[in-house]
Structures are given as structure tokens and as C-alpha cells.
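# sequence unknown, structure follows:
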């Protein structure tokens with residue numbers, strides 16, 4: 001250690017030098033700056049809120065309406081709109097619904113539409129590919145019945161799975177439609193993935209999907225096998241769609257009528273609206289803007305106002321709203337903009353029954369608007385189509401298993417229903 005010589009000859013040891021850096025004083029954040037940051041964040045959030053709630057920018061207005069209608073269409077989630085959005089804005093968003101409801105009262109199926117057999121004027125009528133005409137009459141008959149199937153993808157699939165032809169073309173049964181299945185490599189000529197081909201029962205199942213949604217379209221080729229079948233406990237309790245199907249020799253089943261559902265805990269036993277099952281009518285008719293789909297003795301579907309007299313030839317019927325397609329014409333349904341699970345029944349220009357269920361309120365499928373359902377059905381030559389009870393009730397069952405998922409994942413079989421559309425097995 002060095003020494004320092006002082007005046008007068010005496011020396012003193014130098015104070016030791018600290019090797020540690022001097023501790024800097026912590027800089028205190030100004031309370032005023034913190035307040036300014038908080039106020040800026042609040043101002044940005046407030047500005048964003050007012051833009052989302054009141055802006056007339058088309059993109060924002062469209063999604064605001066979808067958000068409001070989606071919330072207001074549910075029993076338990078209306079607070080998602082009411083808690084954050086002024087009542088006047090909610091009423092404005094729902095005004096387009098009223099206009100669409102008015103549109104429903106002006107369109108009914110003509111009594112002779114089946115005789116005319118007109119294709120839709122909004123999409124070309126699909127035709128059977130020329131290369132499906134072969135010397136094998138069974139193969140030719142297969143492609144005539146399942147005109148939607150792309151022959152090249154079918155041939156490629158059969159090369160990989162030759163066992164599918166063990167019993168011939170008229171006994172082909174391919175089923176990869178289950179919730180745990182990935183579907184087949186077969187495609188339709190419209191680009192849809194084929195999930196199941198059931199020649200004996202004349203059924204085709206295809207995957208329908210788009211931005212934010214997925215579902216299943218079942219094409220049942222023989223309309224004479226379709227009927228509305230009731231729960232064994234109608235008036236007291238409902239049953240699952242699959243149970244109703246099993247009790248009535250069904251191979252395919254889908255949601256039918258709606259039901260009275262107080263506080264969202266109804267058991268499906270109390271029918272909403274009117275229905276007819278195998279010639280027996282029951283329930284009370286819905287009122288203004290609701291429609292009825294009637295299956296008549298000629299095995300064709302007809303859509304009429306729910307308040308209209310039931311046609312004397314009707315054998316089965318349910319009521320709901322809105323109608324999407326009547327006599328091949330697409331109706332204005334833009335007022336039904338909620339993204340929800342959907343159930344739809346329709347019929348093609350070939351007489352095929354179209355049963356479609358789109359999943360919703362799930363991570364893999366948020367849901368679909370009514371308006372966006374029409375193009376899917378038109379690809380299959382749809383002439384008549386009615387939207388049925390959706391939401392948690394939407395479910396499609398095929399040959400012993402559910403092929404769509406209920407929006408409430410705690411209900412693997414969906415909700416208890418008063419009835420179901422059932423397509424009978426061979």
C-alpha cells in the first residue's frame with residue numbers, strides 16, 4: 001500500500017481505493033409520465049371501441065352485424081352484445097333480419113316444380129363424365145347414380161383398396177366418415193372430399209368446408225326412404241337423433257323440428273311449431289316469416305308458408321326458417337348473418353335428398369351464415385332448401401356413428417330432439 005508524505009515529515013497511509021463500481025442512483029419514474037401512458041392506452045381502446053361500434057366502413061359494419069346477430073341468436077350469450085353495445089346499434093344490426101324475414105313470405109314452391117325438373121339458373125347442371133361409360137353395366141350404373149364422383153380419383157382409390165370391389169360395383173360400401181376418420185382420397189367433380197359411398201343404401205357423404213367452417217353433406221338418392229320420425233317420448237322427453245334412427249330402421253338421420261327450450265335446459269320433448277310424421281300431424285303452426293317443408297306422396301319436397309294449409313298429399317313435414325332456395329331461385333337471406341352451427345334439408349333437380357350439417361362454435365369450425373350455405377347446395381343442383389333448427393341441436397348420424405360434432409363437446413350425441421329426419425336402410 002502506498003504512503004503519502006505530509007507536511008512536517010510525517011507520512012499517512014493512503015485510503016484504500018474501492019474496486020467496486022459506484023452504485024448509481026435509481027432513476028425514479030415520473031408519476032406524470034405513468035399517468036400519460038395509461039391515458040394514451042385508454043384513449044386508443046376508446047377510439048377502437050367507437051370505430052367498431054359506430055363505423056360505416058363496410059368491412060367493419062359487416063363483422064359488427066355478424067357479431068351482434070351471432071350473440072343474439074343464442075339463449076345464453078346475448079350478453080356478449082348487450083353488455084358492450086348500445087341498444088340502438090343492436091336494433092340496427094337486427095333490422096336486416098326483419099327485411100330478410102319479410103322476403104320469406106313471398107316465395108313458395110310451385111306445385112308442379114317436380115314435373116318441370118328445372119336445374120338452378122345460378123349454377124351449371126353437373127353431368128356424368130363421358131369416360132364413365134364402359135362395357136361393364138354395373139360400373140356404368142354406379143357412375144350414373146353417383147354422378148358427383150370424379151372417376152380418376154375413384155379408380156386411384158380402388159387400385160389402393162381393391163377389396164372395395166370384392167362384391168361388385170353395386171355392393172360398394174366405403175365409410176371413412178367418422179369423427180376419428182380422415183376421409184377418403186376420392187373427390188367429387190366439385191372438388192369435395194368423399195367420406196362415404198354406400199351403394200346398397202344409395203348414400204354419398206362429402207366434406208364441406210370453407211373459411212372458418214366444416215361440415216358434412218349427405219346425398220340420399222332415394223327420396224322414398226325419407227320420413228320424419230318422432231321421439232318415443234314426444235310431449236315428455238326427446239331422444240338423440242341416432243336413437244330415433246335405430247328405432248325406425250334408419251341408416252341416416254339429422255335434426256328435424258325445433259323444440260321449446262326454457263333457459264336452454266329443455267329435454268327435447270316439447271315440439272316447437274308444427275310437424276307431420278307418416279301422415280300424422282301434431283303441434284301448432286309457427287307464425288309470420290316461418291316456412292314449412294312438406295314431403296308429399298310424390299316423394300318431392302315443397303316449401304310453403306308455415307301459416308298455409310297443409311297440402312292433402314303431405315306425409316311428413318317440419319317448420320322453421322329461413323328458406324334458402326325455392327324452385328331453384330336463391331332467396332335473399334343476408335339478414336341471417338350469424339355464424340352458427342347449421343342444419344339444412346333440401347332436394348336436387350334429380351330428386352336427391354340433401355341433408356347438410358355444418359359444425360360451429362368450435363375451434364376447427366366457428367360456424368357459417370345462412371347465406372353461405374346456398375352455394376354449397378347449388379353445386380349439387382339444389383331446387384328446394386330450408387334452414388332447420390341449428391345451434392347445439394345440429395347433428396348428423398350415419399350408420400351407427402355421429403359424423404358431425406355437437407357445438408357442446410360435452411354432448412357427443414348432441415341434444416335430445418323431438419324428432420329427426422330419418423332415411424331408411426335398404
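Structure received. All values reported here derive from a predicted model rather than from experimental measurement.
# Domains in the protein, by residue range?
Here the domain parsing of the chain from automatic domain parsing is 33-85, 108-123+177-424.
# Please identify the most buried of those domains.
With neighbours taken as mean count of other Cβ atoms under 10 Å, the domains of the chain reach their highest mean count in domain 108-123+177-424, at a mean of 20. Using the backbone N, CA and C atoms, a C-beta is placed for each residue, glycine as well.
# what does the average pLDDT come to for that one?
Taken as a whole, domain 108-123+177-424 has a mean pLDDT of 95.
# now swap in stretch 137-150 and tell me
97.
# buried stuff in that stretch?
139, 142, 143, 145, 146, 147, 148, 149, 150 (16 or more other Cβ atoms under 10 Å).
# How are the strands of the stretch 1-150 of the chain distributed by residue range?
For the stretch 1-150 of the chain, applying DSSP state E, counting those that start in this stretch gives strands covering 3-5, 11-13.
# The ones you listed: lowest mean pLDDT?
Taking the mean pLDDT of the strands of the stretch 1-150 of the chain, strand 3-5 comes last: a mean of 49.
# Now do the contacts for residue 422.
226, 227, 228, 229, 244, 245, 248, 250, 252, 253 (Cβ atoms under 8 Å, 6 or more residues apart in numbering).
# what's across from the most centrally placed residue in the chain in the sheet?
Against the mean C-alpha coordinate of the chain, by Cα atoms, centre = their mean, the closest residue is residue 358 at 2.3 Å. Beta-bridge partners for residue 358, by DSSP bridges, are residue 215, residue 342.
# Next: residue 295.
Here residue 295, judged by DSSP bridges, has bridge partners residue 301, residue 316.
# Settle this for me: it is touching residue 316, isn't it.
Yes: Residue 295 is within contact range of residue 316, at 4.3 Å (criterion: Cβ atoms under 8 Å).
# Common neighbours of these two, please.
In contact with both residue 295 and residue 316: 226, 227, 228, using Cβ under 8 Å, 6+ apart.
# residue boundaries of the helices in the chain?
31-54, 58-72, 79-82, 87-104, 113-116, 137-145, 151-160, 241-246, 373-378 (DSSP state H).
# From the contact counts, what lies against the first one?
Read that as helix 31-54. Judged by 3 or more Cβ pairs under 8 Å, 6 or more residues apart in numbering; DSSP states H and E, helix 31-54 is in contact with helix 58-72.
# average pLDDT across the helix it packs on?
Computed over helix 58-72, the average pLDDT equals 70.
# go on, stretch 36-43?
In the prediction, stretch 36-43 has an average pLDDT of 81.
# ok, how many other residues are close to residue 155?
11 (other Cβ atoms under 10 Å).
# Between the buried residues of stretch 137-150, which sits nearest residue 333?
The closest of those to residue 333 turns out to be residue 148 (Cβ to Cβ; 24.7 Å).
# so how far is residue 145 from the closest residue to that closest one other than its chain neighbours?
In this structure, residue 148 finds its nearest non-sequential neighbour in residue 188, 4.4 Å apart by Cβ to Cβ, 6 or more residues apart in numbering. According to Cβ to Cβ, to the nearest Å, residue 188 and residue 145 sit 14 Å apart.
# Then residue 337?
With Cβ to Cβ as the criterion, residue 337 and residue 145 are 37 Å apart.
# residues contacting the nearest residue to residue 68 once chain neighbours are set aside?
Sequence neighbours aside, residue 93 is the residue nearest to residue 68 in space, at 4.0 Å (criterion: Cβ to Cβ, 6+ apart). For residue 93, the contact set (Cβ under 8 Å, 6+ apart) comprises 64, 65, 68, 69.
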